[in-house]
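S.K.: output the structure for:
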Amino acid sequence: MSRFVRSIDHRPRARAPSSLRGAVATVLAAAVFGSASLSQAQTSAPAPGSGAQTPLKIGFMAELSGPQGALGQDQYDAFMLVVEQNGGRLGGVPVQVLRRDSQLKPELGVQIIEELIDKERVPIITGVTFSNVMMAVHRKVVEKEVFLIGSNAGPSLIAGAQCSPFFFSTSWQSDQQAEVMGAYANPRGLTRVVAIAPDL
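M.R.: Numbers count the residues shown, from 1 in each chain. Down below sits the predicted model:
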């Protein structure tokens, strides 16, 4: 698992409430493990007499329609499986997942992010399938000090110059695929390469 935590802003920050820290940790586990290793994301039931807790809102945004919709749906299904296996709780607190389809449109992703943060007041946003959408929303999320937990997209810029302690990637950094191919091709003297990718 890649974890991008280096910050370009080293000013002290207020510590997040323990319930939010627990939920962030379990959202990370849910995003990483999906249907596997559910025991690593198990949470405890509320203590008797503790009263009902207000659900913690989590925004889930991914590509859920069109040819690329299967990828976002897999992300959502795996995440929700962990939520359901834990009785609707993550990190010991009940959660309400707000599902949104960014349709592979960066401008729509920005609108969704603004709605989730400004209207719904979510402290955590997860999902994000493609790097073009991630690059459009990343700064808008982390500058509001909302946790962004990407479960697929991992553009290299946000692992470097734009890295933030409010962003975590549970998948990979996009450069890794090209670097692996380069490491394979160089010692073999391969000089002609055909690359095929979607025009995003």
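S.K.: after the strand or helix carrying Asp74, heading C-terminal, what element do we hit next?
M.R.: Per DSSP states H and E, Asp74 falls inside helix 69-85. With elements assigned by DSSP H and E, the helix or strand that comes after helix 69-85 is strand 89-90.
S.K.: show me where this structure has its strands.
M.R.: Remark: strands assigned in the chain by DSSP state E are 56-62, 89-90, 93-101, 124-127, 147-150, 167-169.
S.K.: winner for burial among these?
M.R.: strand 124-127 (a mean of 27; mean count of other C-beta atoms under 10 Å). No exception for glycine: its C-beta is placed from N, CA and C like everyone else's.
S.K.: tell me the average confidence for that strand?
M.R.: Strand 124-127 comes out with an average pLDDT of 95.
S.K.: what's next to it, contact-wise?
M.R.: With contacts defined as C-beta atoms under 8 Å, 6 or more residues apart in numbering, strand 124-127 is touched by 20, 23-24, 27, 31, 56-62, 72, 75-76, 79, 113, 116-117, 141, 146-152.
S.K.: can you check stretch 98-105 too?
M.R.: By C-beta under 8 Å, 6+ apart, stretch 98-105 touches 57-66, 68-69, 72, 76, 108-109, 112, 115-116, 120, 122, 128-130, 132-133, 200.
S.K.: buried subset of those as a PyMOL selection?
M.R.: Applying 16 or more other C-beta atoms under 10 Å to the contacts of stretch 98-105, the buried members can be selected in PyMOL as follows:
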select buried, resi 57+58+59+60+61+62+63+64+68+69+72+76+108+109+112+116+122+128+129+130+133
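S.K.: put together CSV for the strands of the chain, with distance to Gly189 on each row.
M.R.: Shown next, in CSV, are those (distance: least, C-beta to C-beta, whole Å):
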stretch, distance to Gly189
strand 56-62, 41
strand 89-90, 50
strand 93-101, 46
strand 124-127, 41
strand 147-150, 36
strand 167-169, 33
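S.K.: tell me the pLDDT of Leu111.
M.R.: No Leu there; residue 111 is Gln. The model's pLDDT for Gln111 equals 98.
S.K.: scratch that, Ala161
M.R.: pLDDT recorded at Ala161 is 79.
S.K.: again, but for Ser44
M.R.: 38.
S.K.: now Gln96: how far from Ile196?
M.R.: 40 Å (C-beta to C-beta, to the nearest Å).
S.K.: also Glu115?
M.R.: 35 Å.
S.K.: please apply the same query to Pro55.
M.R.: Computed as C-beta to C-beta, the Pro55 to Ile196 distance reads 43 Å.
S.K.: between the two, who's got more neighbours?
M.R.: Pro55 (13 against 4; other C-beta atoms under 10 Å).
S.K.: so what's the closest residue to that one other than its chain neighbours bridging to?
M.R.: The spatially closest residue to Pro55, leaving aside those adjacent along the chain, is Gln96, at 4.0 Å (C-beta to C-beta, 6 or more residues apart in numbering). Listed by DSSP bridges, the beta-bridge partners for Gln96 are Lys57.
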